[in-house]
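Participant: Kindly return the folded structure for what I paste below:
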Amino acid sequence: MLIAGFPAGSFQANCYVIAPAAGEECVIVDPGQDAVPGLDDLLREHRLKPVAVLLTHGHIDHMWSVVPVCGARDIPAWIHPEDRELLSDPGKGLGLAARQQLFGGLEFTEPDDVRELADGEILKLAGLELRVDHAPGHTRGSVTYLAPPGEHPFGEGGALFSGDLLFAGSIGRSDLPGGDYPTILRSLASVCLTLPDETVVLPGHGPDTTIGRERASNPFLRDLTPPSGPTRGL
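Facilitator: So this is what the prediction gives:
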């Protein structure tokens, strides 16, 4: 598996491409502010053809470039329904001061083709299988994408695209509209701490890490206990 990425724009939100190998189809995760030039370079370097954009959540720093990226290649964008409204009105996900500062005269619209994610579904795209887990708390519609163990550049424990749920040494903020601290702690326990220590975490900002490293040293995870058994169903 090929995984490559770069921090985009003034927010330095990580944008990733995932493909089975160079020269294949790929998916793009979180094309943020000014992501198009960096994406074009990555796609050219690895000879990749995008087939979809996957969004971890609807905050502007992660979806700023979703319309030009999808429109230029006629591909769909995937997002959880709880965050879909942020595609056309990203100000709803920000506090008043940030809204006034960022959106002077800017207008946003949805891509032409938007598809909604469901918790626990397996996305089969570009020859990949990625598990979607709803992980609210940073936003109501935050999700993670899990690439199962296999041949990818980060080892054999699988790779988790965590968005703004989990960072190296920290977790996502929960003080913006749609955020909730007890909820993000539950998501961390059920989505992250149930994974093997070897799982590589590819976050929305900052360097990659592992579940084991965060379990051992992340102060926000210290007192969390993962569920003792499955939680889906009645």
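Participant: And the contacts of stretch 184-192?
Facilitator: Residues from elsewhere that reach stretch 184-192 (Cβ atoms under 8 Å, 6 or more residues apart in numbering): 133, 135-138, 142, 144, 160, 162, 165-166, 171-172, 174, 201, 211, 214, 220-221, 224-227, 231. To be clear about C-beta, it is placed using only N, CA and C from the backbone, and glycine gets the same treatment.
Participant: Filter these down to the ones in helices?
Facilitator: Counted as lying in helices by DSSP state H, out of the contacts of stretch 184-192, are 211, 214.
Participant: okay, and for this structure, where does confidence drop off?
Facilitator: 95-105, 150-156, 227-234 (pLDDT under 70).
Participant: didn't Leu128 look like it was pressed against Val27?
Facilitator: Yes: between Leu128 and Val27 there is a contact at 6.7 Å, judged by Cβ atoms under 8 Å.
Participant: Of the contacts of stretch 184-192, which qualify as buried by neighbour count?
Facilitator: For those, a neighbour count by 16 or more other Cβ atoms under 10 Å gives the buried set as 133, 135-138, 142, 144, 160, 162, 165-166, 171-172, 174, 201, 211, 214, 220-221.
Participant: which one is Asp164 nearest to, not counting chain neighbours?
Facilitator: Excluding the flanking residues, the one nearest Asp164 by Cβ to Cβ, 6 or more residues apart in numbering is Gly172, at 3.6 Å.
Participant: I'd guessed the one you found sits against Gly163; true?
Facilitator: Yes: using Cβ under 8 Å, Gly172 is in contact with Gly163, at 7.5 Å.
Participant: Right, I'll call it a day here.
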